[in-house]
Every structure is written in C-alpha cells, then in structure tokens.
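J.: okay, predicted coordinates and the sequence, questions at the end:
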There are 2 protein chains.
Amino acid sequence: MNNQSSSLLVKDIGEQGLLQILQRFCPAEIIGDDAAVLTTEPKQSVIVTTDVLVDKIHFSEITTSPEDVGWRAAAANLSDLAAMGASTLGITVGLGLPGDVAVSWVEQMYAGMTQCLQQYNTPIVGGDVVRSPVITVAITAFGQAYPQRIIRRNQAQIGDAIVVTGVHGASQAGLELLLHPEKVKNLTQEETKALIGAHQRPKPRLDVLPILGQIFDSSYTPISHFPVSGMDSSDGLADAVVQICRASKVGAVVERTQIPIPQAFDHWLTKEQALQYSLYGGEDFELVLCLPKQPADKLVQMLGQGAAVIGEITDTSIVILQDQNAEIPDQVLTLSQGFQHFGQL
Amino acid sequence: MNNQSSSLLVKDIGEQGLLQILQRFCPAEIIGDDAAVLTTEPKQSVIVTTDVLVDKIHFSEITTSPEDVGWRAAAANLSDLAAMGASTLGITVGLGLPGDVAVSWVEQMYAGMTQCLQQYNTPIVGGDVVRSPVITVAITAFGQAYPQRIIRRNQAQIGDAIVVTGVHGASQAGLELLLHPEKVKNLTQEETKALIGAHQRPKPRLDVLPILGQIFDSSYTPISHFPVSGMDSSDGLADAVVQICRASKVGAVVERTQIPIPQAFDHWLTKEQALQYSLYGGEDFELVLCLPKQPADKLVQMLGQGAAVIGEITDTSIVILQDQNAEIPDQVLTLSQGFQHFGQL
C-alpha cells in the first residue's frame, strides 16, 4: 500500500489521477490507445468470458478484503477460461466507483487482482473507470484454444466418467466461518485457515489443461480432438453436473461417498450438512469433466489429492445422487437451487 | 415490444427468465458455455476495448430512451474499434440491474443495441446479468486488424494533415435541445431532428476503414503499413487532437474556420458557442486521423460531406487553434476540460 495515497479519496484525484495509478498494474506497451491489441497463436480460436461483480451483492467488507475482491474477480474469469480448455491471453477491467472510495481500496483491489493474474502470466490489457453510486467490477477475460480442444458442456457421452479436479464445499465453509466466527470451535487452526483461504483465494484450475494434453497426446495425434466435455463448478457441483447433462441430453449417476470434501467436514459437519455444502456451496472453481474411463482414471491419478471420479454419464435424462452406504436417501439433483438473485430484492 | 412482458419487472422473472429473453438477441450457436468462441482471420491481431455506462451518469431517462441507451453503448465501443482500424468480431454485455427495472426496458435496450450492431454485422457473443442497485451496462468489443494497419495515437508525423471524418458539436447540440426544448426556436424541424439524432443515434465510422484501404492499396503493396494515426472524438475534438499530439510528441495547428460544424450552428449559435460545442462537446464519434497531405485530400474527397482537413501536425509541443478570419483570438488547446467525473460527486 502506498502511504501517500492511503487517505485520498477517488474524487480527490479524478479519473486521470486514478488512471495513472492503475496503469502501474498494466504492461507499459498496451497503454494509451482506444483499444488493446492481443496476438493469438496461429489456428487458435479466441475464447471470451465476462463477469460483473457488485459491492454488497457479490462481495462484502465483512468477508472480503479489497485484495480478495480483486483476486476472486480475476480467478472467476480465469476459471471460465480453464473450463473451456483455453490458455489465458489477458483481461480488461471495467470499474465503477463512488467518489468517496479510498484510492488505497482501489490500489489494493488491483494488487489482489494482479497477484492472481501473475500466477497465470495474464496481463491486464485494458479497462475503463467511471463514476457509479456502487462499486462495480466488470471483467472480461480472453484466452485461446485450438478449436478441436475447446471443452464444451454439450459433448458428454454415455459411459463417460465424471471427474472433479478437487474438493467441494470448502469455499462455502470458509464463508460460513467468516460470517460466524463462533463456528470455528472443533476446527484446528490449519483447517480454519485452509477453508477461509478456499473462499478468499480460490485457484482457477488452468493447471489441468497441460495434464489433459499429456494424457491424450500419447494416444491421439497432436492437436486432435479431445473427448472431454465439462464446465467449472462456480455455481456448485450439482449445478455443473445437471447443466452438463441437460446440454448433452444425457443423465448421470453421482456416488455421494466419492465426492471429495475437506477432511475437516468429517468431524465438523453432519453428513447432510457436508453433502449440502459440497453439492450447492459453489465458488470452489474446480472443473467437472466428463471423459472415457481410462483417461479419467489417469487424470485423477495425475492430479492427485482431491481429484476423483464421482460418477458416470447414463442414458437417462435425470441426475441421480446415490449413496453406497445408504446413509443418505437417493435423490434427483436439479437446478432449483441458486439463480434467485433478482427475486431477493 | 413484447406486450406480455411489458408490466413484468426483472425480479418477477429472475436471472434465468431474463437470460432466456436476452438470448433471443444472440446467435443460437454461442449460447450455453462458460465462454464464447471467436474465430479470427489468419495473421490478424485481436483488438479489445471496454466501456462502462451507469444510469443517471452516462444516460438519463429525460434524454435517452432504452433503445437509445443500447444504441449509444454499442456505437461507442464500435467507434473505439474503428479508431484502431479494426473490423468488428463481436461484443459481450455485462448488465447490472435493480430488481424493479421493467423487463420491457431491458428488451428495448437490447433491441437498440442490436439495431446498431446489425448495421455492422456484429453479434452479441456473451454476457452476464447480475443484480445491482443501479443500471450498469459494461460492454467489451472485439475486432480484428492486420498488425501493420492498426491505427495508433502515437504515430502522427510532422507535416501530416489532420482529417476529421465529419461535423463536430452536433451531439452536444442535440443533448441541449433535449434538456432545454425551448432552444428549438430558430431551428427548422429538420435541423432539430438531425441534431437530436446525432446525440441519440451516433454512427461509428467503420465505413472509413475500407476507404483508407482503397486509398493506400493503389500505392502500397497489400497488407503494408498504413501511414495513419489517430483516435475517435468521443471525448471531444480538442481532446483528440491534444491526445494524439501528446502521444506522438508533436504539436499541431488547427484552423477554426475549417472545423466542420452543423449548418444550423450558423444562424443558431454565436461563433464562440459554435466553437465551444465543436471543440469540447464530445460524443460525435467521428475519427480524427493524421496522414500525409495527398492521401488526406483523397480521403476527404471520398468521404464527402462533413469530412475536412482541419490542420497540420507541427514540430512544436503545443496545439494552437488559429482563425484565418481573426474572429476568435488564437488559443492553445489543452486537456483541461472534461475528466472531472469523480470531482463532481
């Protein structure tokens, strides 16, 4: 943090002053034109995704520092690129700010954003800063992928294994701990830190893509089609499986005992609570991938801890959650949860 | 307008209901994945620009219908692409909406946006819809251009002619007429309509790019470098000339009597007012281009009405406004106007 600017407000320095500060976070060569220039690899398509985050709706001072707001905004967009099988090219940031926001808040938010972006060699290539009555962060992220290796939702095949790249429920648990610190009892310091970290600093799973490359390039010709479909679990694991099945016109069986959850859940939550968090918590930003069984097992083995085959694509039209231990009754998973944002007003 | 939905509010139909309506404005093949796929021509770079518009700051119910909000938002972004010398690939739309916005408002805004986009064969390729206390429209536009034909601000050469592609001040005049309808006296119906139209439905000058191609491809080998620099005049003509000069480390002389203004200004405004509108009004979305004199004259001739050479790039470090009729005293143009958005709070 820059001490000199810590007491300054956005309205004190104006658009030009703010732009000068924010340009420090961008590569020098891209500054100063009406638009940014991106150079893509030959024969790769450009992949584009966009997200809007609004203060007090998508983040809150109670649970999210300005650095975390920036990190999470960047991570959510990079996760969408990973979910499409795309490597990253850059992001643009559209910022709406009230005049009475501290300049240091904006600097810290950008610092968090670039901390995340730097881990994936991704520059901020452009943006816009405007006055707004509410802090708004609109990010558009660009990536590239060979067209035949783009991961879509609608290509899941009957018999495919369903792989998750990591544990689910951790982000929701971390949020609960931030909102209700008294719930920390029965958790070790390390467990608490890990769950809160999962909420504040989620990691987009761009690391999965070169591993998929390794698995398929031994048996497929280079730049051939990948038999992989999927999406990320930003809106929850249940949502991801149901969305993939709906788009692919197939069904699925998911085995409850195979869903990887944080170890802490075993002694901290009931089985029902743990299932609720892992299916509907959301924002774990893992990938949910459908692919033939053999490469699926290889993928889980190469990804290591947290990755698992959780079920199989079936020729039905429903997603059934089973429990081989019969501790939870079988149920049909639907999209009914979530998506009520506007109704809440 | 869809009568069935005219009384519905956004909160009545929720995110999923709204997305279903908005998807009607997008090509079917791009819907339903985490991100959109754009295919570029070989050897062209991708050009990216982003803008955020906020209700009551960038548009107002008094002067701007929902259709006009959509048109203007699309036009501003396409203008940035034109200013870079790029043809259009698509846009993404990030939308923040209060729950009590009428669904018909959103539909009409999208209708206006697609009306503009369709004139330039540009699809909406993706987006995001979220709850927000204030209507926010964040657009990111993508285009493509051969790297050697990208128009930058920092390449103006001493001796270049400065060309504007059309009249300046019309948009500001149109806004004045909408805010103060009593000012319509002394204007014909046709003049009033033209000025208001310039404000509500500005046209991005993408049509200038193939003309530049025609001019240079006769004397240059195809896909060679264009000796053209410039930007658009969205923040005003004075701002554009000063920005180009600052980025190119040159100066300029602008001749007041050569600045094309709407004919109505002659009998409606004083010379000082007309100059103020044309230099600082902004949002005319014309291009301000610097290029050698011969192709500059050709460009003006081919563009026809409204286009003009307004001055010349000089080896000084200032931009001087001269008046060959000596009706207005010479002055140095600066960036001092505008850019006070945050201070106004």
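T.: Right, received. Where do you want to start?

J.: now check stretch A:276-292, is it near chain B?
T.: No: Stretch A:276-292 lies apart from chain B when judged by CB under 8 Å from any CB of the partner chain; the minimum separation is 10.1 Å. In short, each C-beta sits where N, CA and C put it, glycine included.

J.: I meant stretch A:146-165, not that one.
T.: Yes: Stretch A:146-165 is in contact with chain B by CB under 8 Å from any CB, via A:147, A:150, A:152-154.

J.: can I get those in JSON lines with neighbour count and secondary structure?
T.: Below are the residues of stretch A:146-165 next to chain B laid out as JSON lines (neighbours: other CB atoms under 10 Å in any protein chain shown; DSSP: H, G, I helix; E, B strand; the rest coil):
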{"residue": "A:147", "neighbour count": "12", "secondary structure": "helix"}
{"residue": "A:150", "neighbour count": "22", "secondary structure": "coil"}
{"residue": "A:152", "neighbour count": "20", "secondary structure": "strand"}
{"residue": "A:153", "neighbour count": "22", "secondary structure": "coil"}
{"residue": "A:154", "neighbour count": "15", "secondary structure": "coil"}
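
J.: tell me the one of those residues nearest residue B:212?
T.: Closest to residue B:212 out of these is residue A:147 (31.3 Å), distances taken as CB to CB.

J.: so what pLDDT did the closest one get?
T.: For residue A:147, the pLDDT comes out at 90.

J.: same question for residue A:336.
T.: The per-residue pLDDT reported for residue A:336 equals 55.

J.: and residue A:29, by the same measure?
T.: Residue A:29 carries a pLDDT value of 68.

J.: for the stretch 101-250 of chain A, what lies in contact range of chain B?
T.: Residues of the stretch 101-250 of chain A found near chain B (CB under 8 Å from any CB) are A:125-128, A:130-134, A:136, A:138, A:140-143, A:147, A:150, A:152-154, A:231-232, A:247.

J.: from those, list the buried ones, please.
T.: A:125-128, A:130-134, A:136, A:138, A:140-143, A:150, A:152-153, A:231-232, A:247 (16 or more other CB atoms under 10 Å in any protein chain shown).

J.: give me the low-pLDDT residue ranges for the stretch 1-150 of chain A?
T.: Within the stretch 1-150 of chain A, the segments meeting pLDDT under 70 span A:1-6, A:29-32.

J.: could you rerun that using 90?
T.: The model of the stretch 1-150 of chain A has pLDDT under 90 over residues A:1-7, A:14-43, A:59-64, A:126-127, A:148.

J.: in the host helix or strand of residue A:241, what counts as buried?
T.: With elements taken from DSSP states H and E, the one containing residue A:241 is helix A:237-248. Residues A:237-248 are the ones in helix A:237-248 that count as buried (16+ other CB under 10 Å).

J.: now the residues you listed as TSV including pLDDT?
T.: Putting these into TSV (pLDDT from 0 to 100) gives the following:
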residue	pLDDT
A:237	97
A:238	96
A:239	94
A:240	96
A:241	97
A:242	96
A:243	94
A:244	96
A:245	97
A:246	94
A:247	94
A:248	96
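
J.: which of those sits closest to residue B:217?
T.: residue A:247 (45.2 Å).

J.: that closest one: what's it in contact with?
T.: Residue A:247 makes contact with A:152-154, A:156, B:32, according to CB atoms under 8 Å, 6 or more residues apart in numbering or on different chains.

J.: let's have the residues of stretch A:146-165 next to chain B in TSV, adding distance to residue A:298.
T.: Below are the residues of stretch A:146-165 next to chain B laid out as TSV (distance: CB to CB, whole Å):
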residue	distance to residue A:298
A:147	24
A:150	21
A:152	21
A:153	22
A:154	24
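
J.: perfect, I'm done here.
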